[in-house]
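Trainee: sequence plus predicted model, see below.
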Amino acid sequence: MVLTFKYKNISRGNGTESFSPSVPIIFQGNRSKYEFMALLDSGADISAIPKSMAELLGLDLSGKKEKAFGIGGEVPAVQTKVNIEISKGHEKYLFQIPVKVILDGYEFPPLIGREGFFDKFHITFKQSERRVALKYKEEHFY
């Protein structure tokens, strides 16, 4: 079965709005779990979340501080892991992904990068229809 989501109208920091392939994802940390609209970012190697979200989830931020690089330049970050759930109707998938926590206080919606997520689905961006389709990759072992 295919999970299909309509693009969401997102307000940007500069006061403009645009439609983007954002999907509802439940993030589960050590303390709690919350649903966020997360942007599927095929240009990102790894997922990223702001520090405030990591603290809300109770994620371990004791790892080695490093730099994360993106469209806005470089920012301080720490890499950790988070459990996520994506579902629609009767279909539900749970797994863990690596995530960089951006430490500089910049607030942004969670970004879902390729590592740990894109390899689990066949993903089709239907830009003209403003939809994204995710088909879970069935693993077959012989």
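Mentor: Ah, there it is.
Trainee: so is F27 in a helix, a strand, or just coil?
Mentor: Put simply, F27 is strand when judged by DSSP: H, G, I helix; E, B strand; the rest coil.
Trainee: if I look at the residue most central in space within the chain, how far off is K65?
Mentor: Relative to the mean C-alpha position of the chain, the nearest C-alpha, by Cα atoms, centre = their mean, is the one of I112, at 2.5 Å. Distance of I112 to K65, given as Cβ to Cβ, to the nearest Å: 23 Å. All C-beta spots, glycine's among them, are computed from the backbone N, C-alpha and C.
Trainee: where does the chain dip in pLDDT?
Mentor: Under the criterion pLDDT under 70, the flagged ranges of the chain are 13, 139-142.
Trainee: hang on, P50 packs against K100?
Mentor: No - contact status for P50 versus K100: not in contact, 10.4 Å apart, counting by Cβ atoms under 8 Å.
Trainee: so if I had to pick from the two, which one is more boxed in?
Mentor: A count of neighbours by other Cβ atoms under 10 Å puts K100 above the other of P50 and K100, at 24 against 19.
Trainee: in the sheet, who's paired with that one?
Mentor: Beta-bridge pairing for K100 (DSSP bridges): A48, Q79.
Trainee: I'd like the distance between it and K88.
Mentor: Distance, K100 to K88, by Cβ to Cβ: 27 Å.
Trainee: for A38, same thing?
Mentor: To K88, A38 is 14 Å away according to Cβ to Cβ.
Trainee: over to S22?
Mentor: S22 is 14 Å from K88, where distance means Cβ to Cβ.
Trainee: the more surrounded of those two?
Mentor: Between S22 and K88, counted using other Cβ under 10 Å, the more crowded position is S22 (23 against 15).
Trainee: tell me which residues touch the more buried one, please.
Mentor: Taking Cβ atoms under 8 Å, 6 or more residues apart in numbering, we find S22 in contact with 5, 7-8, 10, 37-40, 109.
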